[in-house]
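Peer 1: need the 3D shape of this:
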Amino acid sequence: MGFILFYLGYYFAFETKKKRLLFTGSILFIFLAFSALAIAFHTHDVAKRSNPAIVFAQESQVKSEPNIRSNEAFILHEGTKVQVLDTVSHWKKIKLSDGKTGWIPENDIKLLNIF
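Peer 2: Next up is the predicted model:
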């Protein structure tokens, strides 16, 4: 909206000083609009890649590989927030905020946002 007002002011202005000022203002508004658009796309991309989940099982064993016989990497308790990185069969690869990763059965966690 600002661009249109500044451009119309530029178009109908007669003084050179006013024309320069209004033209510069309209260019600034275009730059701000494209910057806001770029930030919006970046934020959407970050939100789409983020895949948070909460552990809903009382206690869940996180495995080093996506099978029941693999070694236990660590144990998580109910309410822990994790990031889901990958899915294989009925297993989800998760990452904790401290950087630990492992595989957890998919029915032990619930995704917070599904795209």
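Peer 1: give me the buried stretch members for the helix or strand where residue 53 lies, please.
Peer 2: For residue 53, the host element (DSSP states H and E) is strand 52-55. By neighbour count with 16 or more other CB atoms under 10 Å, strand 52-55 contains the buried residues 53, 55. In short, each C-beta sits where N, CA and C put it, glycine included.
Peer 1: extract the C-alpha set from it and format it as CSV.
Peer 2: These are the backbone C-alpha positions of strand 52-55, laid out as CSV (Å, rounded to 0.1, in the frame of the first residue of the first chain):
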residue,chain,number,x,y,z
PRO,A,52,8.3,-31.9,17.2
ALA,A,53,6.7,-34.7,19.2
ILE,A,54,6.0,-35.5,22.9
VAL,A,55,6.7,-38.8,24.6
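Peer 1: that strand pairs with which strands, parallel or anti?
Peer 2: As defined by DSSP bridges, the strand partners of strand 52-55 come to strand 81-88 (antiparallel), strand 109-111 (antiparallel).
Peer 1: what angle separates the helix or strand just after it from strand 81-88?
Peer 2: Per DSSP H and E, the first helix or strand lying C-terminal to strand 52-55 is strand 59-63. Relative orientation of strand 59-63 versus strand 81-88 (axes from the mean of the first three to the mean of the last three CA atoms, to 10 degrees): 50 degrees.
Peer 1: report the buried residues of the one helix or strand residue 75 maps to.
Peer 2: Element membership for residue 75 (DSSP H and E) is strand 72-77. Using 16+ other CB under 10 Å as the test for burial, strand 72-77 gives 73, 76.
Peer 1: one more: stretch 59-75?
Peer 2: 60, 61, 62, 63, 66, 73.
Peer 1: where are the low-confidence patches of the protein?
Peer 2: Along the chain, segments meeting pLDDT under 70 span 114-115.
Peer 1: and for stretch 56-66, what's in contact with it?
Peer 2: 70-78, 88-89, 91, 93-94, 100, 102-105, 107-110 (CB atoms under 8 Å, 6 or more residues apart in numbering).
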